[in-house]
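K.L.:
give me coordinates for this.
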Amino acid sequence: MLLVLFLVPVVLLAVVVGVVLVATSRSAATLTFEVAVARRHAVTTSAVAALLMLGTPVLLGLVLGATMFVGLGGLPLMSSARALAAAPLLGTLAGLCTLLVGELTWPRPTGSSRTALLQDRSLRTVLEGAWVRAAAVTTVLTAAALVTAGLLADESGQAIRHARPDGAATAGPFPGWSYAGPQLTVLALCVLVAVLVLRAVLRRSAVVTADAETDTLLRRASVGRACRAITAGALVTLGPDLFLGGAAARRVLDDGAWHTVATVLTVAGPFVVLAGLVVLVLPVPRLPAVSYVVPTAPSVPMSSA
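P.N.:
Sure thing, here's the model as predicted:
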């Protein structure tokens, strides 16, 4: 229910951002044919990746819901819960694979006469900007949170246990190794595919007729799309874990500083999910908008007869 409530403002934000981007985008009339084709290829690939990122968790949830509640048979309840826990990252993995295919099918130079843009290229030239830092920070934080939750969980890997003077208290569900294990595995696969995307971006052919600045900007945009995908997937995975883990910890920790920490994590969880959904609609680096003026013929002075 929280996810549905969050989707409404995010969809509205996506519409607003989309309208602004379209209105302020650089006109194709100011681009060479090759640059326009490359930009169109990148935008199409990005749109397909975004649809897979959103559609994969929804489709997985519908399939698992049918197996559990309609009686079609299939996965046991625990396996379904693990799959749902990793669903956002599975969608991210599908989106990153789409971006990788897009880079491997990047438009290549055509024609009998070809030109090449010779310039020094390294990972440092494309690994710049806020998207790279955001992807690195969110991935590390999510991995650290999953490992911490796995260490804090009890032997079942599904609950947290706290010893009290009057006995031990146990509460769940808690994102222990039963849930954190699959999530960490898929997160590692996402990082691996993201690295392959970066390698493909670095090695792909330069866009013919594009200057060095334009070609570099197109590469940074591709890197930004991959980093945006992994950032969103990490946040949407981390949010529910914080919410469920914090709620379980609050029930076994009656008071004290750790109870306050658990409460803060519980409250922060939905906002982390919302941040991950908002990340999906934020723009990556793009070609700057320029004014296009149709050239006019020079005036010729008229001579009197």
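K.L.:
determine the next helix or strand in the C-terminal direction from the helix or strand containing residue 39.
P.N.:
Taking DSSP states H and E as the criterion, residue 39 maps to helix 33-69. Counting by DSSP H and E, the next helix or strand C-terminal to helix 33-69 is helix 77-85.
K.L.:
pull out the buried residues from the helix or strand just after that following helix.
P.N.:
Under the assignment DSSP H and E, the closest C-terminal helix or strand after helix 77-85 is helix 87-104. Buried residues in helix 87-104, defined by neighbour count with 16 or more other CB atoms under 10 Å: 87-100, 102-103. All C-beta spots, glycine's among them, are computed from the backbone N, C-alpha and C.
K.L.:
circling back to that earlier point, now do the helix holding residue 39: which elements does it pack against?
P.N.:
When contacts are defined as 3 or more CB pairs under 8 Å, 6 or more residues apart in numbering; DSSP states H and E, helix 33-69 packs onto helix 77-85, helix 87-104, helix 212-252.
K.L.:
residue 199: which of the ones you listed is closest?
P.N.:
Of all the helices and strands packed on helix 33-69, helix 87-104 sits nearest to residue 199, with 8.8 Å by CB to CB.
K.L.:
now the closest one: mean pLDDT?
P.N.:
When the per-residue pLDDT values of helix 87-104 are averaged, the result is 94.
K.L.:
CA atoms only: put that helix into PDB for me.
P.N.:
Coordinates of the C-alpha atoms in helix 87-104 are reproduced here as PDB (Å, rounded to 0.1, in the frame of the first residue of the first chain):
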ATOM      1  CA  ALA A  87      12.600  -8.100  -6.600                       C
ATOM      2  CA  PRO A  88      13.800  -4.400  -6.800                       C
ATOM      3  CA  LEU A  89      17.400  -5.500  -7.500                       C
ATOM      4  CA  LEU A  90      16.100  -8.100 -10.000                       C
ATOM      5  CA  GLY A  91      14.400  -5.300 -11.800                       C
ATOM      6  CA  THR A  92      17.600  -3.300 -11.600                       C
ATOM      7  CA  LEU A  93      19.600  -6.200 -13.000                       C
ATOM      8  CA  ALA A  94      17.100  -6.400 -16.000                       C
ATOM      9  CA  GLY A  95      17.500  -2.700 -16.600                       C
ATOM     10  CA  LEU A  96      21.300  -2.800 -16.500                       C
ATOM     11  CA  CYS A  97      21.400  -5.800 -18.900                       C
ATOM     12  CA  THR A  98      19.200  -3.700 -21.300                       C
ATOM     13  CA  LEU A  99      21.700  -0.800 -21.000                       C
ATOM     14  CA  LEU A 100      24.500  -3.200 -21.700                       C
ATOM     15  CA  VAL A 101      22.800  -4.400 -24.800                       C
ATOM     16  CA  GLY A 102      22.200  -0.800 -25.800                       C
ATOM     17  CA  GLU A 103      26.000  -0.100 -25.500                       C
ATOM     18  CA  LEU A 104      27.000  -3.200 -27.400                       C
END
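K.L.:
what's in contact with that helix?
P.N.:
Contact with helix 87-104 is made by 41-42, 44-46, 48-50, 52-57, 60-61, 83, 183, 186-187, 189-190, 193-194, 196-197, 200-201, 204, 222, 225-226, 229-230, 232-234, 236-237, 276, as judged by CB atoms under 8 Å, 6 or more residues apart in numbering.
K.L.:
low-confidence ranges in this protein?
P.N.:
1-30, 68-78, 110-122, 164-167, 289-305 (pLDDT under 70).
K.L.:
skip the chain neighbours and tell me the closest residue to the residue nearest to the spatial centre of it.
P.N.:
The residue lying closest to the centre of the chain (CA atoms, centre = their mean) is residue 229, at 1.7 Å. Spatially, and ignoring its direct neighbours in sequence, residue 229 is nearest to residue 95 (4.7 Å; CB to CB, 6 or more residues apart in numbering).
K.L.:
now the one you found: how far from residue 283?
P.N.:
16 Å (CB to CB, to the nearest Å).
K.L.:
show me where the stretch 151-300 of the chain has its strands.
P.N.:
160-164, 167-171 (DSSP state E, counting those that start in this stretch).
K.L.:
return the most buried member of those strands.
P.N.:
Each of the strands of the stretch 151-300 of the chain was given a mean neighbour count from mean count of other CB atoms under 10 Å, and the largest, a mean of 15, is that of strand 160-164.
K.L.:
next, the distance between the ends of stretch 144-162.
P.N.:
Counting by CA to CA, to the nearest Å, you get 21 Å between the two ends of stretch 144-162.
K.L.:
centre of the chain to that stretch, how far?
P.N.:
26 Å (CA atoms, centre = their mean, to the nearest Å).
K.L.:
lovely, talk soon.
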